[in-house]
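Trainee: sequence first, then the predicted structure, then my questions.
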Amino acid sequence: EPEVTQTPSHQVTQMGQEVILRCVPISNHLYFYWYRQILGQKVEFLVSFYNNEISEKSEIFDDQFSVERPDGSNFTLKIRSTKLEDSAMYFCASSRDRDYGYTFGSGTRLTVV
Amino acid sequence: AQKITQTQPGMFVQEKEAVTLDCTYDTSDPSYGLFWYKQPSSGEMIFLIYQGSYDQQNATEGRYSLNFQKARKSANLVISASQLGDSAMYFCAMRVLGGATNKLIFGTGTLLAVQP
């Protein structure tokens, strides 16, 4: 069964450093998403991406964050200057069309120290 | 705005018994989808079951069924014949269909513990 692949599974970074979280969505999917889950809390929407541009973003997704689809397969989330409160599990997801179900990746656990 | 409420922070169930996890939702949109996801301790989000607002029948997927009561705005997940491997966090989620947004809104989750 096709899956969404996220790398790395765990990342530890120093406060103030830049991190790039990587995702390979399912190949025939057109919509891509990032979600975040702070430990013990609910999953929160960050951003959706379609046709090489951001289609929607949340209040959390400020100037510190950016997304990119650098080639035909990868979808990345960059956090420019990490803060302690960015520590969370970050999930990538993709869907075939707008109203189709999502497939989530297994997540990247980011720890900012 | 859409909202999902899961009022049970934790539940216990004996192995082989059925359990119901509650979920209520709020939206003014007539067309929406309801989802349940399982999150084991390893952290990944596993899709379990989907119910569309216009679906006439309650969704079922193996041991999972969704008790959809539209008038009450509830979408409870029923797990039959619980297994030890069902111990996990369960999230209810919804999204509006065909609208300006297609983001998923999640509830706060229910931690299910299956006891032998």
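Mentor: Perfect, I can see it now.
Trainee: every contact and neighbour count from this point should use C-alpha atoms.
Mentor: OK.
Trainee: residues contacting residue 36?
Mentor: Since no chain was named, I'll use chain A. A:43, A:44, A:45, A:46, A:88, A:89, A:90, A:91 (Cα atoms under 8 Å, 6 or more residues apart in numbering or on different chains).
Trainee: that answer is for a different chain, and I need it for chain B
Mentor: Contacts of residue B:36 (Cα under 8 Å, 6+ apart): B:47, B:48, B:49, B:50, B:77, B:90, B:91, B:92, B:93.
Trainee: please name the nearest non-neighbouring residue to it.
Mentor: residue B:92 (4.6 Å; Cα to Cα, 6 or more residues apart in numbering or on different chains).
Trainee: ok, now residue B:25?
Mentor: Nearest non-adjacent residue to residue B:25 (Cα to Cα, 6+ apart): residue B:4, at 4.5 Å.
Trainee: what's the distance between the spatially most central residue of chain A and chain B?
Mentor: Residue closest to the average C-alpha location in chain A (Cα atoms, centre = their mean): residue A:34, at 3.4 Å. Note on residue A:34: its distance to chain B, by Cα to the nearest Cα, to the nearest Å, is 10 Å.
Trainee: so what's that residue bridging to?
Mentor: residue A:47, residue A:92 (DSSP bridges).
Trainee: chain A contacts on chain B?
Mentor: B:43-47, B:97-98, B:101-109 (Cα under 8 Å from any Cα of the partner chain).
Trainee: pull out the buried positions in the host helix or strand of residue A:11.
Mentor: Using DSSP states H and E, residue A:11 falls within strand A:10-13. By neighbour count on 16 or more other Cα atoms under 10 Å in any protein chain shown, the buried set for strand A:10-13 is residue A:13.
Trainee: let's see the next helix or strand after that strand as CSV, backbone CA atoms only.
Mentor: As assigned by DSSP H and E, the chain's next helix or strand after strand A:10-13 is strand A:19-24. Below are the C-alpha coordinates for strand A:19-24, written out as CSV (Å, rounded to 0.1, in the frame of the first residue of the first chain):
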residue,chain,number,x,y,z
VAL,A,19,15.7,22.7,10.5
ILE,A,20,14.2,21.1,7.4
LEU,A,21,11.7,18.3,7.8
ARG,A,22,11.3,16.2,4.7
CYS,A,23,8.4,14.3,3.3
VAL,A,24,7.8,12.2,0.2
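Trainee: all good on my end, thank you.
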